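Asker: need the 3D shape of this:
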Amino acid sequence: MTSLRCTLAGIVALLAVANAAPASAGSDNPAGKHCVVAEEASIRPAGDSGGEMRFSPAFYKRMYTVDVSLDGADGKELPISIETVCDVPKARKKEAAQLAGSDGVARVLARTQIWEGDTLLTGTQASTALDGADTATMRVRLTQPGTWSEDEDGNPIPTFRAGRIEITD
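Answerer: Prediction:
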């Protein structure tokens, strides 16, 4: 009977940890596990991607969680500054480091969920909230370089398909 109570207590403790809310971009902690932060990435001037980025086919197949700073929406494209890349397997860490600390674009799709707190936003509410937001945590997938957007100098810039955007500030 005692071992059954210990087992149940252990299960309850594990469930509490598993259901804990993730940290947001506005906090000091990244939004997920196995993260690469901008400080870990190679140092480069602002706006400079540090040359051509290269990613393995496996990198494009995964979803990542990114903490970003936003600078208003441009139609269905959302310019972002990538602070942290999370949910990165150890084998993909060097690739993710190319993104941390760089600029990018998140494409907002019709199926993209946009959250502010506990509220799912749609239509003009979502557009207005994204345009006025400063930071967000996003669930994204990197697109192939042939589909990347261009920066103001005409250089390709990493572009993501956004599955979920959580406005944090």
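
Asker: gap between residue 91 and residue 73?
Answerer: Taking C-beta to C-beta, to the nearest Å as the measure, residue 91 and residue 73 are separated by 34 Å. Just so you know, the C-beta spots here come from the backbone N, C-alpha and C atoms, and that holds for glycine as well.

Asker: equivalent analysis for residue 34, please.
Answerer: According to C-beta to C-beta, residue 34 stands 29 Å off from residue 73.

Asker: low-confidence stretches in the protein?
Answerer: Within the chain, the set of residues satisfying pLDDT under 70 comprises 1-32, 40-51.

Asker: now with 80?
Answerer: 1-33, 38-51 (pLDDT under 80).

Asker: for the residue nearest the centre of it, name its beta-bridge partners.
Answerer: Compute the mean C-alpha point of the chain, and by C-alpha atoms, centre = their mean the closest residue is residue 66, 1.7 Å away. Listed beta-bridge partners, residue 66: residue 85, residue 138 (assigned using DSSP bridges).

Asker: for the remainder of this discussion, apply numbering that starts at 48.
Answerer: Fine by me, first position is 48 from now on; the one you just mentioned is residue 113.

Asker: hmm, it is touching residue 184, no?
Answerer: Yes: under the criterion of C-beta atoms under 8 Å, residue 113 lies in contact with residue 184, with a separation of 7.3 Å.

Asker: give the contact list for residue 111.
Answerer: The contact partners of residue 111, taken as C-beta atoms under 8 Å, 6 or more residues apart in numbering, are 132-135, 143, 186-189.

Asker: show the subsequent helix or strand relative to the lengthiest strand in the chain.
Answerer: Longest strand in the chain by number of residues, with DSSP state E as the criterion: strand 150-163. Remark: after strand 150-163, the chain's next helix or strand is strand 166-168, criterion DSSP states H and E.
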